[in-house]
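Visitor: starting from these lines, generate the structure:
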Amino acid sequence: MAVYTVDERDRVIQLDDVPQCSTGAPCPVVLAAESRVAVAYFLQNVPAGWDGSYARMVGPNSPDQLSAVVTFTSVKASMFGPPNDEAFAGHPLASRGLQPYGAFEVLDSSWLRRLEKMNRVHPGHRPEYFSNYRHIVLSFHDSTFECVAATYSYELTRGPLTEVVGRAVSGIVTD
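Guide: Numbering: from 1, shown residues only. The predicted structure follows:
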């Protein structure tokens, strides 16, 4: 559900420094404060000896699941929602290489340029201030998360997402 219109300048690159989400049930959870956002999700985890002949059901309360918490700082804007993997071709950046189940950066982002333009009415506006921001996309099975932020980092953890999110809250609401 993009709130920007892509033009010829938008370029998508895959990020290799963000852990791969589960392609089955990543169960992403977004925690947001005014300038920090965290996204927790299950990682792609294939049990040893799994032959593909059965499905393993997981959900937010599933125990002993490996997950990642990606934390974005100095956040300007974020959104979470469609498209899912089956409608991903409808995302305005799909033709530029954006795909489901991955982490991407949008270089020369239309969304970031739109945010800078919107801020020009501010008496202290400085266009160079926006040069430190990045447009990041995390795409999942049933949803897509997009964020304009200065930095991101991640940590790996284990346990039900309900517990992982509880621990992540303190990192979002402090500072």
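
Visitor: what sits closest to Leu138 if chain neighbours are left out?
Guide: Phe145 (4.5 Å; Cβ to Cβ, 6 or more residues apart in numbering). All C-beta spots, glycine's among them, are computed from the backbone N, C-alpha and C.

Visitor: er, Ser139 I mean
Guide: Per Cβ to Cβ, 6+ apart, closest to Ser139 is Pro100, 4.9 Å.

Visitor: in three-state terms, label that neighbour for me.
Guide: coil (DSSP: H, G, I helix; E, B strand; the rest coil).

Visitor: now it: phi and psi?
Guide: The phi/psi pair for Pro100 (degrees, to the nearest 10) reads phi -70, psi 160.

Visitor: in contact with Pro123, which residues?
Guide: By Cβ atoms under 8 Å, 6 or more residues apart in numbering, no residues touch Pro123.

Visitor: what distance do you get for the residue nearest to Leu138 to Asn119?
Guide: 23 Å (Cβ to Cβ, to the nearest Å).

Visitor: sorry, back to before: count of neighbours near the residue nearest to Leu138?
Guide: Counted with other Cβ atoms under 10 Å, residues neighbouring Phe145 total 21.

Visitor: please begin residue numbering at 52 from this point
Guide: Renumbered: residue one is now 52, and that last one reads Phe196.

Visitor: rewinding a little: tally of neighbours for the residue nearest to Ser190?
Guide: Neighbour tally, Pro151, other Cβ under 10 Å: 20.

Visitor: for it, give its distance to Leu212.
Guide: 20 Å.
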